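> This is a predicted model, with the sequence first.
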Amino acid sequence: MELSVDRLTKHYGSKIAVDCVSAVLKPGVYGLLGENGAGKTTLMRMICSILEATSGEVLFDGRNVIEMGAEYRDLLGYLPQDFGYYPNYTATEFLRYMSVLKGVPRKKAAKRSEELLEITGLEHVASKKIKTFSGGMKQRLGIAQALLNRPKILILDEPTAGLDPKERVRFRNLIADYAGDRIVLLSTHIVSDIEAIADHVFIMKKGGFVTQGTVPELVEQAQGKVWELEVVPAEVHKWEKKATISNLRHEDGHVVLRIVSDEKPSPQAVACPAALEDLYLYYFPVKETAG
């Protein structure tokens, strides 16, 4: 099984949202990291054939997915960033309704809905109306509906938004288990979620991939670019203005800054091991994002 993205491009007038992106996905978990506006959602919508590409194509086992039509959609599970739901439906009613739309046989739909409510930790609110749910509960229901038809290709746009740490761990375990013989692509800007479960990571910026690889490969790219520097509290603001600081901690009246920089930021700075978040901040500096 192989999903290929071949020179996929999307223009909105003079704006390029996705710029000639290519990738090959096989069974496993793929992470798509990038800040808001990087083009992640546009790319995922084109992969799902919801949005028409300006140029390029998406292929499933060598076949154009647009030409496959309903056959391709039957293979898909999709959680958009803001998924639609009916507030007066109960969780069970909603999943059974979505099962009909996805072509799941009625007898199987009831059992599958019950199973997914349990998997996502919603079995105790199965008969409650969705309008009474918290944001995290609605998000878990969205994940459940994406899994209804046991899709071979699962596309998740910001799936852990609104989930508390315990819920995020449950989600990561669910996806890691589900992806054995399936393709899972999830986008987020929460680096730890990607770091925990992704087999391969794409970092997307301004419509294109700036780098990609396994988590260890990407962390290796950041080695030699991470430093620790001890400063007095009064100097912190100055360093925040001129450097990318990924973390700071207080120690014995001083502040230890973790700085991401190509060059040694100060003669007193000490090199330290990198993490994936450091590479993310290397490509998306805080001062750049703030501007």
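Thanks, I have the structure now.

> ranges for the strands of the stretch 101-250 of the chain?
Secondary structure of the stretch 101-250 of the chain by DSSP state E, counting those that start in this stretch: the strands cover 153-157, 183-188, 200-205, 208-213, 226-231, 244-251.

> Reformat those as CSV; add distance to residue 88 and mean pLDDT.
All C-beta atoms are positioned from the backbone trio N, CA, C, and that covers glycine. Supplementary listing: the strands of the stretch 101-250 of the chain in CSV, determined by distance: least, C-beta to C-beta, whole Å; pLDDT from 0 to 100:
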stretch, distance to residue 88, mean pLDDT
strand 153-157, 25, 95
strand 183-188, 30, 93
strand 200-205, 37, 96
strand 208-213, 42, 96
strand 226-231, 51, 96
strand 244-251, 45, 92
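
> and residue 22, which of these is closest to it?
Put simply, out of these the one that sits nearest residue 22 is strand 208-213, at 8.5 Å, with distance taken as C-beta to C-beta.

> which parts of stretch 216-229 are buried?
For stretch 216-229, a neighbour-count test (16 or more other C-beta atoms under 10 Å) marks 218, 219, 221, 222, 225, 226, 227, 228, 229 as buried.

> Of the residues you listed, which pair is most distant in space?
Maximum pairwise distance in the buried residues of stretch 216-229, criterion C-beta to C-beta, is 23.7 Å, between 218 and 229.

> re the thing from before, of the strands of the stretch 101-250 of the chain, which approaches residue 53 most closely?
When these are ranked by proximity to residue 53 (C-beta to C-beta), strand 208-213 comes first, at 14.4 Å.

> How about residues contacting that closest one?
Surrounding strand 208-213, the residues in contact under the criterion C-beta atoms under 8 Å, 6 or more residues apart in numbering are 18-21, 23, 39, 200-204, 218, 221, 279, 283.

> Equivalent analysis for stretch 70-87, please.
Outside stretch 70-87, the residues that touch it by C-beta under 8 Å, 6+ apart are 41, 44-45, 48-50, 60, 65, 93-94, 97, 102-103, 129-131, 138, 141-143, 145-149, 151-159, 161.

> Quick check, pLDDT for residue 288.
At residue 288, the predicted lDDT confidence score is 49.

> now this protein, which segments are flagged as low pLDDT?
Low-confidence regions of the chain, defined by pLDDT under 70, span residues 286-291.

> Can you give the domain ranges for this structure?
For the chain, the structural domains run 3-219, 224-272, going by automatic domain parsing.

> Find the one among the ones you listed with the highest mean neighbour count.
Each of the domains of the chain was assessed for mean neighbour count using mean count of other C-beta atoms under 10 Å. The highest is domain 3-219, with a mean of 18.
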